[in-house]
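*Asks:* structure here, sequence nowhere to be found:
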Ligand SMILES: O=P(O)(O)O[C@@H]1[C@@H](OP(=O)(O)O)[C@H](OP(=O)(O)O)[C@H](O)[C@H](OP(=O)(O)O)[C@H]1OP(=O)(O)O
Ligand SMILES: Nc1ncnc2c1ncn2[C@@H]1O[C@H](COP(=O)(O)OP(=O)(O)O)[C@@H](O)[C@H]1O
Ligand SMILES: [Mg+2]
Ligand SMILES: [Mg+2]
(Lines give C-alpha, C1' and ligand atoms only; values in the text may rest on other atoms or scores of the structure.)
(Ligands and ions follow the chains in the order given, each with its own letter.)
Protein backbone atom coordinates (compact mmCIF):
# COMPACT_ATOMS: atom_id res chain seq x y z
CA UNK A 1 0.00 0.00 0.00
CA UNK A 2 2.82 2.45 0.79
CA UNK A 3 4.32 1.85 -2.67
CA UNK A 4 5.48 5.33 -3.75
CA UNK A 5 4.18 4.82 -7.31
CA UNK A 6 0.64 4.59 -5.96
CA UNK A 7 -1.63 7.60 -5.70
CA UNK A 8 -1.55 9.29 -2.33
CA UNK A 9 -4.59 10.94 -0.79
CA UNK A 10 -4.81 14.04 1.38
CA UNK A 11 -7.19 14.44 4.32
CA UNK A 12 -7.13 18.07 5.52
CA UNK A 13 -8.08 18.77 9.13
CA UNK A 14 -9.21 21.97 10.87
CA UNK A 15 -9.40 21.54 14.65
CA UNK A 16 -8.95 23.62 17.79
CA UNK A 17 -5.44 23.27 19.27
CA UNK A 18 -6.61 20.99 22.13
CA UNK A 19 -8.51 18.75 19.75
CA UNK A 20 -5.60 18.58 17.32
CA UNK A 21 -3.34 17.57 20.18
CA UNK A 22 -5.63 14.74 21.34
CA UNK A 23 -6.81 13.50 17.93
CA UNK A 24 -3.84 13.86 15.57
CA UNK A 25 -1.65 11.33 17.38
CA UNK A 26 1.60 10.13 15.75
CA UNK A 27 0.07 6.62 15.71
CA UNK A 28 -2.88 7.85 13.60
CA UNK A 29 -0.61 9.79 11.22
CA UNK A 30 1.51 6.68 10.73
CA UNK A 31 -1.42 4.30 10.32
CA UNK A 32 -2.96 6.51 7.68
CA UNK A 33 0.37 7.15 5.96
CA UNK A 34 0.84 3.42 5.47
CA UNK A 35 -2.52 3.27 3.73
CA UNK A 36 -1.49 6.07 1.36
CA UNK A 37 -3.31 8.84 3.24
CA UNK A 38 -1.55 11.99 4.46
CA UNK A 39 -3.16 14.04 7.23
CA UNK A 40 -2.52 17.72 6.55
CA UNK A 41 -3.24 20.64 8.86
CA UNK A 42 -5.39 23.33 7.24
CA UNK A 43 -5.15 27.04 7.95
CA UNK A 44 -8.75 28.06 8.68
CA UNK A 45 -7.95 31.75 8.11
CA UNK A 46 -6.89 31.13 4.48
CA UNK A 47 -9.13 30.08 1.61
CA UNK A 48 -9.44 26.31 1.35
CA UNK A 49 -9.16 26.72 -2.40
CA UNK A 50 -5.55 27.81 -1.97
CA UNK A 51 -4.33 25.00 0.27
CA UNK A 52 -3.35 22.44 -2.34
CA UNK A 53 -5.04 19.23 -3.44
CA UNK A 54 -7.55 17.93 -0.89
CA UNK A 55 -9.41 14.62 -1.09
CA UNK A 56 -11.44 15.07 2.09
CA UNK A 57 -11.85 17.66 4.86
CA UNK A 58 -12.58 16.91 8.51
CA UNK A 59 -13.25 19.71 10.97
CA UNK A 60 -14.60 20.80 14.36
CA UNK A 61 -14.66 24.61 14.16
CA UNK A 62 -17.81 26.68 14.20
CA UNK A 63 -17.01 30.37 13.65
CA UNK A 64 -18.74 32.27 10.88
CA UNK A 65 -15.58 32.78 8.80
CA UNK A 66 -14.79 29.09 8.83
CA UNK A 67 -18.34 28.18 7.76
CA UNK A 68 -18.09 30.71 4.92
CA UNK A 69 -14.71 29.29 3.88
CA UNK A 70 -16.19 25.77 3.80
CA UNK A 71 -19.23 26.99 1.91
CA UNK A 72 -17.09 28.48 -0.87
CA UNK A 73 -14.98 25.34 -1.04
CA UNK A 74 -18.05 23.10 -1.33
CA UNK A 75 -19.44 25.23 -4.15
CA UNK A 76 -16.22 25.09 -6.16
CA UNK A 77 -15.26 21.49 -5.29
CA UNK A 78 -18.53 19.56 -4.83
CA UNK A 79 -16.77 16.23 -5.37
CA UNK A 80 -14.60 16.51 -2.25
CA UNK A 81 -16.31 15.15 0.88
CA UNK A 82 -16.55 17.68 3.71
CA UNK A 83 -17.04 15.75 6.94
CA UNK A 84 -19.52 16.96 8.08
CA UNK A 85 -21.81 19.75 6.93
CA UNK A 86 -21.98 22.65 9.46
CA UNK A 87 -25.77 22.85 9.03
CA UNK A 88 -26.14 19.21 10.10
CA UNK A 89 -23.72 19.56 13.01
CA UNK A 90 -25.64 22.59 14.32
CA UNK A 91 -28.49 20.40 15.57
CA UNK A 92 -26.16 18.87 18.17
CA UNK A 93 -25.41 22.26 19.73
CA UNK A 94 -28.75 22.43 21.46
CA UNK A 95 -29.83 19.79 23.98
CA UNK A 96 -33.42 19.87 22.79
CA UNK A 97 -32.90 19.55 19.02
CA UNK A 98 -30.18 16.96 19.77
CA UNK A 99 -32.62 14.53 21.40
CA UNK A 100 -35.44 15.25 18.94
CA UNK A 101 -33.37 13.16 16.55
CA UNK A 102 -34.09 10.16 18.77
CA UNK A 103 -37.80 10.80 19.28
CA UNK A 104 -38.22 11.06 15.50
CA UNK A 105 -36.47 7.78 14.69
CA UNK A 106 -38.69 5.10 13.27
CA UNK A 107 -36.33 2.18 12.73
CA UNK A 108 -37.86 -1.20 13.48
CA UNK A 109 -37.14 -2.03 17.08
CA UNK A 110 -36.24 -5.53 18.20
CA UNK A 111 -38.75 -7.53 20.25
CA UNK A 112 -36.77 -7.02 23.40
CA UNK A 113 -34.72 -3.79 23.40
CA UNK A 114 -36.53 -0.44 23.41
CA UNK A 115 -35.03 3.04 23.23
CA UNK A 116 -36.09 6.59 24.04
CA UNK A 117 -35.01 9.71 25.90
CA UNK A 118 -35.66 10.73 29.53
CA UNK A 119 -38.55 13.14 30.14
CA UNK A 120 -37.30 16.70 29.81
CA UNK A 121 -38.48 20.30 29.63
CA UNK A 122 -36.68 23.43 28.52
CA UNK A 123 -36.96 26.61 30.58
CA UNK A 124 -36.19 29.83 28.71
CA UNK A 125 -37.06 32.32 31.45
CA UNK A 126 -35.19 32.40 34.80
CA UNK A 127 -38.30 33.73 36.54
CA UNK A 128 -40.07 30.43 35.87
CA UNK A 129 -37.33 28.54 37.75
CA UNK A 130 -38.03 30.23 41.07
CA UNK A 131 -41.79 29.68 40.79
CA UNK A 132 -43.07 26.14 41.32
CA UNK A 133 -44.24 25.36 37.78
CA UNK A 134 -41.03 24.73 35.83
CA UNK A 135 -41.03 20.95 36.21
CA UNK A 136 -44.36 20.24 34.52
CA UNK A 137 -44.86 16.48 34.72
CA UNK A 138 -41.25 15.72 35.74
CA UNK A 139 -40.40 14.42 39.21
CA UNK A 140 -37.36 15.24 41.34
CA UNK A 141 -34.49 14.50 41.19
CA UNK A 142 -33.71 16.13 37.85
CA UNK A 143 -30.49 17.00 36.07
CA UNK A 144 -30.19 20.60 34.94
CA UNK A 145 -28.18 20.93 31.71
CA UNK A 146 -27.29 24.14 29.87
CA UNK A 147 -29.41 24.34 26.71
CA UNK A 148 -26.35 25.15 24.60
CA UNK A 149 -24.00 22.26 23.98
CA UNK A 150 -21.43 24.34 22.13
CA UNK A 151 -18.27 22.71 23.50
CA UNK A 152 -17.55 25.44 26.08
CA UNK A 153 -16.68 24.41 29.66
CA UNK A 154 -19.94 26.12 30.66
CA UNK A 155 -21.97 23.83 28.43
CA UNK A 156 -20.83 20.78 30.46
CA UNK A 157 -21.67 22.30 33.90
CA UNK A 158 -24.60 20.33 35.28
CA UNK A 159 -26.54 20.19 38.52
CA UNK A 160 -28.36 17.35 40.17
CA UNK A 161 -31.43 19.00 41.67
CA UNK A 162 -33.28 17.34 44.54
CA UNK A 163 -36.01 19.84 45.30
CA UNK A 164 -37.53 23.22 44.51
CA UNK A 165 -34.96 24.94 46.74
CA UNK A 166 -32.19 23.51 44.56
CA UNK A 167 -33.68 25.19 41.50
CA UNK A 168 -32.66 28.62 42.84
CA UNK A 169 -29.10 28.13 41.67
CA UNK A 170 -30.14 27.71 38.01
CA UNK A 171 -30.17 30.25 35.20
CA UNK A 172 -32.20 29.99 32.01
CA UNK A 173 -31.99 28.84 29.31
CA UNK A 174 -31.72 25.39 30.83
CA UNK A 175 -32.94 21.87 30.19
CA UNK A 176 -34.40 19.94 33.14
CA UNK A 177 -34.21 16.20 32.60
CA UNK A 178 -35.55 13.50 34.88
CA UNK A 179 -32.77 11.55 36.59
CA UNK A 180 -32.97 7.85 35.70
CA UNK A 181 -31.24 5.26 37.89
CA UNK A 182 -28.94 3.24 35.63
CA UNK A 183 -26.44 1.37 37.81
CA UNK A 184 -23.79 4.11 37.64
CA UNK A 185 -22.57 3.15 34.16
CA UNK A 186 -23.05 4.80 30.77
CA UNK A 187 -22.36 3.27 27.40
CA UNK A 188 -20.59 5.54 24.96
CA UNK A 189 -21.31 4.50 21.42
CA UNK A 190 -18.75 5.86 18.96
CA UNK A 191 -19.74 6.15 15.31
CA UNK A 192 -17.16 6.57 12.52
CA UNK A 193 -19.07 6.37 9.25
CA UNK A 194 -20.50 2.86 9.15
CA UNK A 195 -18.28 1.59 11.97
CA UNK A 196 -19.55 1.44 15.55
CA UNK A 197 -17.78 0.83 18.86
CA UNK A 198 -19.25 0.81 22.37
CA UNK A 199 -17.33 1.40 25.60
CA UNK A 200 -18.42 1.50 29.25
CA UNK A 201 -17.79 4.58 31.35
CA UNK A 202 -18.43 5.67 34.89
CA UNK A 203 -21.57 7.72 35.54
CA UNK A 204 -23.55 9.14 38.48
CA UNK A 205 -24.48 6.44 41.02
CA UNK A 206 -28.11 5.42 41.54
CA UNK A 207 -30.16 7.44 44.03
CA UNK A 208 -32.19 5.36 46.47
CA UNK A 209 -35.76 6.27 47.48
CA UNK A 210 -34.41 6.94 50.94
CA UNK A 211 -31.80 9.37 49.60
CA UNK A 212 -34.41 11.10 47.47
CA UNK A 213 -36.44 11.66 50.63
CA UNK A 214 -33.57 13.11 52.63
CA UNK A 215 -31.39 14.98 50.09
CA UNK A 216 -31.88 18.68 49.67
CA UNK A 217 -30.83 21.42 47.30
CA UNK A 218 -28.46 20.83 44.40
CA UNK A 219 -25.16 19.13 43.58
CA UNK A 220 -22.92 20.49 40.81
CA UNK A 221 -20.89 18.17 38.54
CA UNK A 222 -19.09 18.25 35.21
CA UNK A 223 -17.81 15.63 32.73
CA UNK A 224 -18.24 12.76 35.20
CA UNK A 225 -17.51 10.12 32.55
CA UNK A 226 -13.98 11.52 32.12
CA UNK A 227 -12.98 10.66 35.71
CA UNK A 228 -9.76 8.67 35.71
CA UNK A 229 -9.73 5.25 37.32
CA UNK A 230 -7.74 6.66 40.25
CA UNK A 231 -10.08 9.60 40.82
CA UNK A 232 -12.92 7.14 40.70
CA UNK A 233 -11.29 4.87 43.31
CA UNK A 234 -10.70 7.86 45.55
CA UNK A 235 -14.42 8.42 45.70
CA UNK A 236 -14.67 5.21 47.77
CA UNK A 237 -18.15 4.11 46.99
CA UNK A 238 -17.56 1.11 49.24
CA UNK A 239 -18.70 -1.45 46.66
CA UNK A 240 -17.19 -3.29 43.75
CA UNK A 241 -18.03 -1.03 40.85
CA UNK A 242 -15.67 -2.55 38.33
CA UNK A 243 -16.90 -1.59 34.87
CA UNK A 244 -15.86 -4.85 33.23
CA UNK A 245 -18.54 -6.73 35.17
CA UNK A 246 -21.34 -4.73 33.57
CA UNK A 247 -23.09 -6.43 30.64
CA UNK A 248 -22.87 -4.57 27.35
CA UNK A 249 -26.11 -3.81 25.48
CA UNK A 250 -26.60 -6.17 22.50
CA UNK A 251 -24.23 -4.89 19.81
CA UNK A 252 -26.67 -5.46 16.95
CA UNK A 253 -29.17 -3.17 18.70
CA UNK A 254 -26.60 -0.38 19.13
CA UNK A 255 -25.44 -0.82 15.54
CA UNK A 256 -28.98 -0.49 14.20
CA UNK A 257 -29.57 2.55 16.38
CA UNK A 258 -26.30 4.17 15.26
CA UNK A 259 -27.10 3.48 11.62
CA UNK A 260 -30.54 5.06 11.92
CA UNK A 261 -29.13 8.10 13.74
CA UNK A 262 -26.38 8.57 11.17
CA UNK A 263 -28.88 8.49 8.35
CA UNK A 264 -31.35 10.79 10.06
CA UNK A 265 -28.71 13.40 11.05
CA UNK A 266 -26.56 13.14 7.94
CA UNK A 267 -23.47 12.92 10.15
CA UNK A 268 -20.49 10.55 10.03
CA UNK A 269 -18.48 11.46 13.14
CA UNK A 270 -20.30 11.43 16.47
CA UNK A 271 -20.88 9.49 19.65
CA UNK A 272 -23.91 9.11 21.89
CA UNK A 273 -24.32 8.35 25.59
CA UNK A 274 -26.77 5.59 26.48
CA UNK A 275 -27.99 4.51 29.91
CA UNK A 276 -29.90 1.33 30.80
CA UNK A 277 -32.93 1.86 33.03
CA UNK A 278 -32.24 0.14 36.37
CA UNK A 279 -35.94 -0.78 36.59
CA UNK A 280 -36.21 -2.26 33.09
CA UNK A 281 -33.11 -3.91 31.62
CA UNK A 282 -34.49 -3.76 28.08
CA UNK A 283 -35.09 -0.02 28.16
CA UNK A 284 -32.26 2.19 26.90
CA UNK A 285 -32.24 5.97 27.12
CA UNK A 286 -30.10 8.24 24.96
CA UNK A 287 -29.02 11.26 27.01
CA UNK A 288 -26.36 13.01 24.90
CA UNK A 289 -25.00 13.15 21.34
CA UNK A 290 -21.59 14.71 20.65
CA UNK A 291 -20.07 15.78 17.37
CA UNK A 292 -16.48 14.59 16.68
CA UNK A 293 -15.88 13.26 20.22
CA UNK A 294 -12.61 12.16 21.82
CA UNK A 295 -11.95 9.22 19.48
CA UNK A 296 -8.39 8.72 20.71
CA UNK A 297 -9.86 7.25 23.92
CA UNK A 298 -11.61 4.56 21.89
CA UNK A 299 -9.85 1.18 21.48
CA UNK A 300 -8.47 0.68 17.94
CA UNK A 301 -9.10 4.28 16.99
CA UNK A 302 -6.28 4.34 14.42
CA UNK A 303 -7.56 1.52 12.14
CA UNK A 304 -11.17 2.65 12.50
CA UNK A 305 -10.41 6.23 11.51
CA UNK A 306 -8.02 5.18 8.75
CA UNK A 307 -10.63 2.85 7.23
CA UNK A 308 -13.11 5.71 7.34
CA UNK A 309 -10.66 8.13 5.65
CA UNK A 310 -10.09 5.48 2.99
CA UNK A 311 -13.82 5.21 2.34
CA UNK A 312 -14.08 9.00 2.09
CA UNK A 313 -11.15 9.57 -0.27
CA UNK A 314 -12.29 6.72 -2.47
CA UNK A 315 -15.90 8.05 -2.20
CA UNK A 316 -17.53 5.08 -0.50
CA UNK A 317 -20.27 5.17 2.14
CA UNK A 318 -20.49 8.92 2.57
CA UNK A 319 -23.87 10.01 4.02
O1 LIG B 1 -11.75 15.98 24.89
P2 LIG B 1 -12.34 14.62 25.06
O3 LIG B 1 -11.46 13.56 24.50
O4 LIG B 1 -12.76 14.35 26.47
O5 LIG B 1 -13.66 14.55 24.16
C6 LIG B 1 -14.84 15.20 24.55
C7 LIG B 1 -15.99 14.20 24.58
O8 LIG B 1 -15.71 13.17 25.44
P9 LIG B 1 -16.01 11.65 25.03
O10 LIG B 1 -15.22 11.30 23.80
O11 LIG B 1 -17.48 11.55 24.77
O12 LIG B 1 -15.55 10.95 26.25
C13 LIG B 1 -17.24 14.96 25.06
O14 LIG B 1 -18.33 14.07 25.27
P15 LIG B 1 -19.33 14.31 26.53
O16 LIG B 1 -20.08 15.56 26.19
O17 LIG B 1 -18.45 14.44 27.75
O18 LIG B 1 -20.23 13.10 26.60
C19 LIG B 1 -17.60 15.99 24.00
O20 LIG B 1 -17.76 15.36 22.74
C21 LIG B 1 -16.45 16.99 23.92
O22 LIG B 1 -16.73 17.90 22.88
P23 LIG B 1 -17.52 19.23 23.18
O24 LIG B 1 -16.84 19.85 24.40
O25 LIG B 1 -18.94 18.83 23.51
O26 LIG B 1 -17.37 19.98 21.92
C27 LIG B 1 -15.14 16.30 23.56
O28 LIG B 1 -14.14 17.32 23.70
P29 LIG B 1 -13.16 17.80 22.52
O30 LIG B 1 -12.07 16.80 22.46
O31 LIG B 1 -13.92 17.86 21.23
O32 LIG B 1 -12.71 19.14 22.99
N1 LIG C 1 -31.21 11.70 32.66
C2 LIG C 1 -30.11 11.31 33.30
N3 LIG C 1 -30.20 10.38 34.29
C4 LIG C 1 -29.09 9.98 34.95
N5 LIG C 1 -27.84 10.44 34.71
C6 LIG C 1 -27.68 11.36 33.73
C7 LIG C 1 -28.81 11.83 32.97
N8 LIG C 1 -28.36 12.75 32.10
C9 LIG C 1 -27.03 12.86 32.29
N10 LIG C 1 -26.61 12.02 33.26
C11 LIG C 1 -25.22 11.91 33.75
O12 LIG C 1 -24.60 13.17 33.56
C13 LIG C 1 -23.50 13.06 32.64
C14 LIG C 1 -23.41 14.30 31.78
O15 LIG C 1 -24.59 14.47 31.04
P16 LIG C 1 -24.54 14.65 29.46
O17 LIG C 1 -25.93 14.95 29.00
O18 LIG C 1 -23.88 13.47 28.84
O19 LIG C 1 -23.68 15.98 29.30
P20 LIG C 1 -22.25 16.27 28.61
O21 LIG C 1 -22.57 16.85 27.28
O22 LIG C 1 -21.56 17.28 29.48
O23 LIG C 1 -21.51 14.98 28.54
C24 LIG C 1 -23.78 11.76 31.87
O25 LIG C 1 -22.61 11.21 31.36
C26 LIG C 1 -24.40 10.90 32.97
O27 LIG C 1 -23.38 10.42 33.83
MG1 LIG D 1 -22.13 13.15 27.66
MG1 LIG E 1 -22.11 16.13 25.41
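*Replies:* Structure's in. What do you need? Just so you know, these numbers come straight off a predicted model, no measurement behind them. Ligands and ions are numbered 1, 2, ... in the order given.

*Asks:* residue 160 - that's part of a strand, no?
*Replies:* Yes. Counting by DSSP: H, G, I helix; E, B strand; the rest coil, residue 160 is found in a strand.

*Asks:* who's it bridged to?
*Replies:* For residue 160, the beta-bridge partners are residue 143, residue 219 (DSSP bridges).

*Asks:* where does the residue of the stretch 101-250 of the chain found nearest ligand 3 land on pLDDT?
*Replies:* Closest to ligand 3 within the stretch 101-250 of the chain is residue 225: 6.2 Å, counting by C-beta to the ion. To be clear about C-beta, it is placed using only N, CA and C from the backbone, and glycine gets the same treatment. Note on residue 225: pLDDT of 74.

*Asks:* burial check on the closest residue in space to it that isn't next to it in sequence, number of neighbours?
*Replies:* Closest residue in space to residue 225, ignoring its immediate chain neighbours: residue 201 at 4.1 Å, by C-beta to C-beta, 6 or more residues apart in numbering. Look at residue 201: counted by other C-beta atoms under 10 Å, it has 15 neighbours.

*Asks:* same check on residue 107?
*Replies:* 12.

*Asks:* surely it meets residue 260?
*Replies:* Yes. Between residue 107 and residue 260 a contact is recorded at 3.9 Å, counting by C-beta atoms under 8 Å.

*Asks:* so what sits against both of these two?
*Replies:* Common contacts of residue 107 and residue 260 (C-beta atoms under 8 Å, 6 or more residues apart in numbering): none found.

*Asks:* my guess is the residue nearest to residue 225 contacts residue 188. True?
*Replies:* Yes. Using C-beta under 8 Å, residue 201 is in contact with residue 188, at 5.5 Å.

*Asks:* which neighbours do the two share?
*Replies:* residue 225.

*Asks:* how about stretch 92-111, does it get close to ligand 1?
*Replies:* No. With C-beta under 6 Å from any ligand atom as the criterion, ligand 1 is not reached by stretch 92-111; the gap is at least 8.3 Å.

*Asks:* start and end of that stretch, how far apart?
*Replies:* 29 Å (C-alpha to C-alpha, to the nearest Å).

*Asks:* can you give me the buried ones in that stretch?
*Replies:* 92-95, 98-99, 101-102, 105 (16 or more other C-beta atoms under 10 Å).

*Asks:* counting neighbours, what do you get for the residue of the stretch 51-200 of the chain found nearest ligand 4?
*Replies:* Evaluated by C-beta to the ion, the stretch 51-200 of the chain has residue 149 as its residue closest to ligand 4, separated by 5.5 Å. Residues within reach of residue 149, counting by other C-beta under 10 Å, total 21.

*Asks:* show me what from the stretch 201-319 of the chain comes close to ligand 4.
*Replies:* Within reach of ligand 4 by C-beta under 5 Å from the ion, the stretch 201-319 of the chain has these residues: 288, 290.

*Asks:* in the stretch 201-319 of the chain, where is pLDDT below threshold?
*Replies:* The stretch 201-319 of the chain contains residues with pLDDT under 70 at 227-241, 317-319.

*Asks:* which residues of it lie near ligand 1?
*Replies:* 223, 225-226, 271, 273, 288, 290, 293-294, 297.

*Asks:* in ChimeraX, select just the buried ones from those residues.
*Replies:* With 16+ other C-beta under 10 Å as the criterion, this ChimeraX line picks the buried residues out of those:
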select :271,273,288,290,293
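
*Asks:* so residue 284 sits against residue 273, correct?
*Replies:* No. Using C-beta under 8 Å, residue 284 makes no contact with residue 273, being 10.7 Å away.

*Asks:* would you pull up the residue in the protein closest to ligand 1?
*Replies:* Of all residues in the chain, residue 294 sits closest to ligand 1, at 1.9 Å by C-beta to the nearest ligand atom.

*Asks:* and that residue, backbone torsions?
*Replies:* phi -80, psi 80 (degrees, to the nearest 10).

*Asks:* can you get me a residue count around the closest residue to it other than its chain neighbours?
*Replies:* The shortest distance from residue 294 to any non-neighbouring residue, by C-beta to C-beta, 6+ apart, is to residue 22 (6.1 Å). Residue 22 has 14 neighbours, counted by other C-beta under 10 Å.

*Asks:* cool, thanks, signing off.
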